[in-house]
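Colleague: Predicted coordinates and the sequence they were generated for:
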Amino acid sequence: MLTLSEIKSVKGEAGNFQVEVLRHPRYVDEQKCIACNACAEKCPKKIVDHYNMGLAKRKSIYVEYAQAVPLKYRIDPASCIYLTKGKCGACKKLCPTGAVDFDQQPQLQTYDVGALILSPGFKPFDPTDFDSYQYAKLPNVVTSMEFERLLSASGPTMGHITRPSDGKDPKKIAWFQCVGSRDVNKCDNFYCSSVCCMYAVKEAVIAKEHAGDDLDCAVFYMDIRTHGKDFERYYDAARDKHGVRFLRSRVHSITEISDTGDMEVRYVTEDGELKVEIFDMIVLSIGLESSEQQLALAQKLDLKLTDGKFCQTGTFAPVETSRKGIYVCGAFQGPKDIPQAVVDSSAAAAAASEILSPSRNCLTKAKPVIPQTDVRGERPRVGVFVCSCGINIAGVVDVKAVTEYAAGLPYVEYTTNNLFACSQDTQDALTQIIKEKNLNRIVVAACTPKTHEPLFQETLTNAGLNKYLFEMANIRNQDSWVHKNNPELATEKAKDLVRMAVSKISLGDALEEAELNINQTAMIVGGGIAGMSAARSLAAQGYQTHIIEKADQLGGQARNLYQTLAGEDVQAKLDEMIAAVEAEANIQVHLNTQIANVEGFVGNFKSTLSANGKENVLEHGVVLMATGASPHQPTEYAYGKDPRILTALELDRKLIADDPMIKEAQTAVFIQCVGSREPDRPYCSRVCCTHAVDNALHLKKTNPDMNVFVLYRDIRTYGEKEMAYKKAREAGVLFVRFSLDNKPQVTVQDGKVTVTVIDHVLGRPLELETDLLTLATAIIPNKDEKLAQFFKVPMNADGFFVERHAKLGPSEFATDGAFLCGLAHYPKPIDESIAQGKAAAARAVTLLAREKIFTSGNVAQTDPMNCSRCGVCVSICPYSAPSFIAQDARMNPGKAEINPVLCKGCGLCVASCRSGAIHLKGFDNDQIFAQIFSLDEVIGQ
Amino acid sequence: MANNVIGAAMVVGGGIAGMQSALDLADSGYYVYLVEQGPSIGGVMSQLDKTFPTNDCAM
């Protein structure tokens, strides 16, 4: 990790680059700094805190935030008194470890790498020059980033929303959308920033949660763009459940009401009525743009940019820059939200890995295996380490008293107090002490095991102790943080927590982790764009890949598409892609094939493939779900009653076939949201707006005299797709908005197709006789319950697969060894499907590359003597880990056994076993009871 | 394309995208240099309060 560093130059070619990196000094030795905060406490220089968007002050020596990685202080050379004037040096005098080093110099270093991935992010738009919104002048006009800090519990107001001018609780807050986006008058950003609608909705909802329902939240917008997975539901809930007001109006300017800090907002409603409202606070939903440094980097690396000044990529190569071997992801590739950034970054990793794979594992270091000490039969010798966490714990809890108390507990052989138990020097000391004192159980009383248990367990492993001989007592999150007004009781509680931990771990055993070989073959279900993209990436990275396709050809829904937004011929590109798949030696395609059965688990799946009545078993280590989706078959808008009424894909097929009907049409009408954003299908199909706008533009180009109408609810041409919307309007395509409760009417009479819609400007019905009516039908997932059951992967209410994490795990399942991509995850255009195909491949490779995995030691185990074969565990387990031993087995026939590889240690079976025959290793009954009984000592007092 | 491919990659930018790329590459058997201009990684996401649609803490 090279922090405070910038790229100076890149020489060489793909596979072998020499990168010059300038490393700026931190003025603090990272090896020595223990982040105790003593330096910042005494630093006399206060400056603006950029992390808190200027809403707070910080010192010249600082860490950005409490969870910063690396958690090492840094001196800001521009403001430090010593570095600017040669005086002070208070931090150097005070630092207990001598970490401050004013003599550090910038260093220029060259690194040899095979590939580069650019993820420099974005710059939030600066609205200072937007004089009509008076951001620079009025303190109560804040940006959305500032508002995030005001909402945050770690922010300047600790999550209490107050007005910057007077600290008053606001009663009315307005959000102004599209500040620095979709605007070529006040700035040059024609594009939609893609994320602002959703974050504004979120901020309004959270603000109401913080301040109560009395808070009035109003969002002023042009189009609400909630096109992501589960976003439309969130928007519906914000409006209908939380009472956030949404006003379709672009506010021109605001006026300050003198001395009150309030602002008067004048706006025109949809009916054309002028309204005036007073707000206490205004949040500007600022967009995303590339920073000067990013543009300089692009120039240095000789990369092509888009019109919106983002890094240029192609529809069929969404993470490749114009220079081979250099890839891009995140907002620099185009404005996008977190899940899409995470998809693209895994895709970029896959793309880099495709060229680096000949040198896989050449430069990585394998960890040495340290032999484990056998502690079986030994009397427990417990070491207790009490952490001060700087002042986080020690500021409330008397850590000395807790340490002394711990020394008197049964089996405790050693106790100490550390400033930061998690610091590297403490880890080294811990390793030493374990060996010197011959400790065989360790308790750390510090923060939460959720974040820090793996770190301490690694230290135990390094000291030759089994990592399960470890217990954490959370005396920070569950004690000092919540009882900070009651230090004495907090100290007593810390003692109780430590005593409980000691009593539990004294009964703990060393646990074994099952070792599992990973079969190096991948199986992909679905041979559409996403599936093929994943297959090509896996094959290029050296893995045998099988594509299972139920149809008689590859291609999926892309078979129906005419051209991309950039004008590429989809059919030609698709044929190239299919040819490449068929030519690849590592890929085997199974057409007309279904999956009949699946056995096994991560690393060792056995799938039965059924084709033409014949069955074959395929053994594979991972599975990628790329099962796609289908177009909704409409029952409204007179679909099926006239050949001139088409779905969007049917129009594309006619365009592919060059049907004369298209050229001869004098009028064309598009109706959007057919089956999407409806009560029984409350999601946006994401691609239809762009698709319709693109086709409308194409029709207008083919025949400039054609009357083209797009009837829509919100136009959702997110990102740089906005350019197509702009061009379509300029070309004379007419956009007419309708609402869900006032949908257009279509009649077929006397050979005429007529569409009637209420015009939103005139407020009067508009009758359009049309030669072509295109319905933008919803994208519906191929709900394959059987397949989902085979791999134990969940589906949501709409039938899309549910990913591991909406933000951080979009291309994989919670079930180990199963990954997902393409339309089966959520509707998306070609470039995003290709990216997610690659992303799923990258995630699968992280598993395949390990070749062996170790499962957790905290798993359930049955005691066959007590098992009554009732089968409750078998039916209750969400992971199918328990099963019955075969009736004809020699040992324990018919009894339940648990596969440690599938077990997640959730404890459901343990709690439900009526015979008490199941034990959860590491959380056995005697350990839990010991904890409870040792707590009972206090209760009894 | 070079003949002697180096089994290392450099990721420029330590926000959510850069971190994910770096982790995926490291877990796939490559040495990774993660270059960040600021003093710590995390990027803009570390400044956010909660994330939709689950309202999870961004930190």
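Modeller: Sure thing, it's come through.
Colleague: Any idea how many residues pack against A:R376?
Modeller: The number of residues packed around A:R376, counting by other CB atoms under 10 Å in any protein chain shown, is 9. Any C-beta I mention is one placed from the backbone N, CA and C, and that applies to glycine too.
Colleague: Then the one 5 residues further on?
Modeller: With neighbours defined by other CB under 10 Å, the count for A:R381 comes to 18.
Colleague: My read is that it contacts A:I442, right?
Modeller: No: the criterion here is CB atoms under 8 Å, and A:R381 misses it with A:I442 at 10.0 Å.
Colleague: What does A:V141 show for phi and psi?
Modeller: With angles defined as degrees, to the nearest 10, A:V141 sits at phi -100, psi 110.
Colleague: residues in contact with it?
Modeller: Applying CB atoms under 8 Å, 6 or more residues apart in numbering or on different chains to A:V141 gives the contacts A:Y133, A:Q134, A:Y135, A:I254, A:M263, A:M281, A:I282, A:L284.
Colleague: Drop anything exposed from these.
Modeller: A:Y133, A:Q134, A:Y135, A:I254, A:M263, A:M281, A:I282, A:L284 (16 or more other CB atoms under 10 Å in any protein chain shown).
Colleague: so can I have TSV of the residues you listed showing secondary structure?
Modeller: TSV is the format used below for the buried ones among the contacts of A:V141 (DSSP: H, G, I helix; E, B strand; the rest coil):
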residue	secondary structure
A:Y133	helix
A:Q134	coil
A:Y135	coil
A:I254	strand
A:M263	strand
A:M281	strand
A:I282	strand
A:L284	strand
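Colleague: Is A:V589 bridged to anything, and to what?
Modeller: Assessed by DSSP bridges, A:V589 has beta-bridge partners A:I547.
Colleague: where along chain B do the helices fall?
Modeller: Listed in chain order, the helices of chain B (DSSP state H) span B:16-27.
Colleague: Any stretches of it with poor pLDDT?
Modeller: Applying pLDDT under 70 to chain B flags the ranges B:59.
Colleague: Near the closest residue to chain B within the stretch 501-650 of chain A, how many other residues are there?
Modeller: Relative to chain B, the nearest point of the stretch 501-650 of chain A is A:Q541 (7.7 Å; CB to the nearest CB). Using other CB under 10 Å, A:Q541 is surrounded by 25 other residues.
Colleague: any idea which residue sits dead centre in chain A?
Modeller: The residue lying closest to the centre of chain A (CA atoms, centre = their mean) is A:K807, at 2.2 Å.
Colleague: can you tell me how far that residue sits from chain B?
Modeller: Using CB to the nearest CB, to the nearest Å, A:K807 is found at 5 Å from chain B.
Colleague: for that residue, what are its contacts?
Modeller: Here A:K807 is in contact with A:I338, A:P339, A:V342, B:T51, B:T54, B:D56 (criterion: CB under 8 Å, 6+ apart).
Colleague: pLDDT value on it, please?
Modeller: At A:K807, the model reports a pLDDT of 91.
Colleague: if you skip the residues just before and after it, what's nearest to it?
Modeller: A:I338 (4.7 Å; CB to CB, 6 or more residues apart in numbering or on different chains).
Colleague: The one you found touches B:M45, doesn't it?
Modeller: Yes: A:I338 lies in contact with B:M45 (CB under 8 Å); the separation is 6.5 Å.
Colleague: And those two? Which one has more around it.
Modeller: Applying other CB under 10 Å to A:I338 and B:M45 shows that A:I338 carries more neighbours, namely 25 against 18.
Colleague: Next to chain B, which bits of the stretch 301-450 of chain A? Give me the list.
Modeller: Within the stretch 301-450 of chain A, the positions near chain B by CB under 8 Å from any CB of the partner chain are A:324-325, A:329-332, A:338, A:341-342, A:344-346, A:348-350, A:352-353, A:355-356, A:358-364.
Colleague: check the buried ones among the contacts of A:V141 against chain B, which are close?
Modeller: Checking the buried ones among the contacts of A:V141 against chain B by CB under 8 Å from any CB, not one of them is in range.
Colleague: nearest to A:T157, of these?
Modeller: Nearest to A:T157 among the buried ones among the contacts of A:V141 is A:M281, at 12.6 Å by CB to CB.
Colleague: which residues sit in contact with the closest one?
Modeller: Contact partners of A:M281, counting by CB under 8 Å, 6+ apart, are A:N140, A:V141, A:V142, A:R163, A:P170, A:K172, A:I173, A:A174.
Colleague: Surely the third one is within a strand?
Modeller: Spelled out, it's A:V142. Yes: the assignment for A:V142 is a strand, going by three-state DSSP.
Colleague: my guess is it contacts A:V283, does it?
Modeller: Yes: using CB under 8 Å, A:V142 makes contact with A:V283 at a distance of 5.8 Å.
Colleague: of these two, who's got more company?
Modeller: A:V283 (29 against 23).
Colleague: so where is chain A shaky, pLDDT-wise?
Modeller: The model of chain A has pLDDT under 70 over residues A:937-941.
Colleague: do you know how far the residue lying farthest from the centre of it is from A:Y639?
Modeller: Going by CA atoms, centre = their mean, the residue of chain A most distant from its centre is A:D750, 53.9 Å out. Going from A:D750 to A:Y639 by CB to CB, to the nearest Å gives 19 Å.
Colleague: Same question for A:K72.
Modeller: For A:K72, the distance to A:Y639 (CB to CB) stands at 63 Å.
Colleague: Give me the phi and psi angles of the residue nearest to the centre of chain A.
Modeller: Backbone torsions of A:K807, given as degrees, to the nearest 10, read phi -100, psi -50.
Colleague: residues contacting the residue nearest in space to the middle of chain B?
Modeller: Central residue of chain B (CA atoms, centre = their mean): B:M19, 1.5 Å from the mean position. Shown in contact with B:M19 (CB under 8 Å, 6+ apart): A:S345, B:L34, B:I41, B:G42, B:G43.
Colleague: Of those residues, which is the most crowded?
Modeller: A:S345 (34 neighbours).
Colleague: Wait, a strand at it?
Modeller: No: under three-state DSSP, A:S345 sits outside any strand and is assigned helix.
Colleague: shouldn't it be in contact with B:G15?
Modeller: No: A:S345 lies out of contact with B:G15 (CB under 8 Å); the separation is 9.2 Å.
Colleague: got any residues that touch both of those two?
Modeller: Shared contacts of A:S345 and B:G15, defined by CB under 8 Å, 6+ apart, comprise A:S119, A:G330.
Colleague: Do you have the strands of chain B handy? List them.
Modeller: Counting by DSSP state E, chain B has strands at residues B:8-12, B:31-35, B:50-51, B:56-57.
Colleague: Would you mind giving me the ChimeraX syntax to select the buried ones in the contacts of A:K807?
Modeller: To isolate the buried ones among the contacts of A:K807 in ChimeraX, judged by 16+ other CB under 10 Å, type:
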select /A:338,339,342 /B:51
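Colleague: any idea which of the contacts of A:K807 is closest to A:H691?
Modeller: Nearest to A:H691 among these, with distances taken as CB to CB, is A:P339, at 21.3 Å.
Colleague: Chain neighbours aside, what residue packs nearest to residue 3?
Modeller: By default, I'm working from chain A. Spatial nearest neighbour of A:T3, excluding adjacent residues (CB to CB, 6+ apart): B:E36 at 5.0 Å.
Colleague: not what I meant, chain B
Modeller: Once flanking residues are discounted, B:N3 sits nearest to A:G15: 7.6 Å by CB to CB, 6+ apart.
Colleague: For the one you found, the count of nearby residues, please.
Modeller: Look at A:G15: counted by other CB under 10 Å, it has 20 neighbours.
Colleague: Then A:Q749?
Modeller: Look at A:Q749: counted by other CB under 10 Å, it has 8 neighbours.
Colleague: For the spatially closest residue to A:D213 that is not a sequence neighbour, which residues are in contact?
Modeller: Excluding its sequence neighbours, the residue lying closest to A:D213 (CB to CB, 6+ apart) is A:G243, at 6.8 Å. By CB under 8 Å, 6+ apart, the contact set of A:G243 is A:K208, A:D213, A:C217.
Colleague: which residues in the stretch 251-400 of chain A form helices?
Modeller: In the stretch 251-400 of chain A, the helices defined using DSSP state H, counting those that start in this stretch lie at A:292-300, A:338-356, A:399-407.
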